[in-house]
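Participant: model this:
(one chain, ligands or ions: 1)
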Amino acid sequence: MSGDAPEDSITPTGIRQAGPRTLAIAWADGTESRYDVRALRLACGCAHCVDEWTGEGRLDPSSVPEDVRPVRIDPVGRYAIQIEWSDGHASGIYPFRRLRELG
Ligand SMILES: [Zn+2]
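Facilitator: Below is the predicted model of the structure:
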């Protein structure tokens, strides 16, 4: 009964804070990806952080606090999560496919 279900490799089964600086995502294919939370913040692909036309990063890494962390994680449909960060940035959407590549 898979129907329109996405591939197991980009279907998360769980997201947890694995440590103060580490976010872990478990995938339906049985693997787990771990991310440094600040690296994830810097990898934000939203229009504020990346130029939509050139794809160039507009985010100054020095503007992101060393201790930045997710304060809230919301699912966006079945393909992405939206992360609200402790630095106030909340427009970043992280598609699972991209997260899989980053991990
Ligand atoms: Zn952003």
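
Participant: What parts of this protein come near the ion?
Facilitator: Within the chain, the positions adjacent to the ion are 44, 46, 48, 49, 92 by CB under 5 Å from the ion. Bear in mind the C-beta positions are built from the backbone N, C-alpha and C, glycine included.

Participant: Just the buried ones out of these, please.
Facilitator: In the residues of the chain next to the ion, burial by neighbour count holds for 44, 46, 49, 92, counting by 16 or more other CB atoms under 10 Å.

Participant: Sort out which of the residues you listed are in strands and list them.
Facilitator: In strands, judged by DSSP state E, the following of those are found: residue 92.

Participant: same for the helix or strand that contains residue 39, what does it pack against?
Facilitator: Using DSSP states H and E, residue 39 sits in helix 37-42. Contact partners of helix 37-42 among helices and strands, from 3 or more CB pairs under 8 Å, 6 or more residues apart in numbering; DSSP states H and E: strand 22-27, strand 80-85.

Participant: Run through who's touching that helix.
Facilitator: 21-23, 59, 61, 64, 66, 68-70, 83, 85, 87, 89, 92, 94, 102 (CB atoms under 8 Å, 6 or more residues apart in numbering).

Participant: Give me the neighbour count for residue 41.
Facilitator: Neighbours of residue 41 under the rule other CB atoms under 10 Å: 23.

Participant: now the residue nearest to it when sequence neighbours are not counted: how far from residue 86?
Facilitator: In this structure, residue 41 finds its nearest non-sequential neighbour in residue 68, 5.0 Å apart by CB to CB, 6 or more residues apart in numbering. According to CB to CB, to the nearest Å, residue 68 stands 6 Å off from residue 86.
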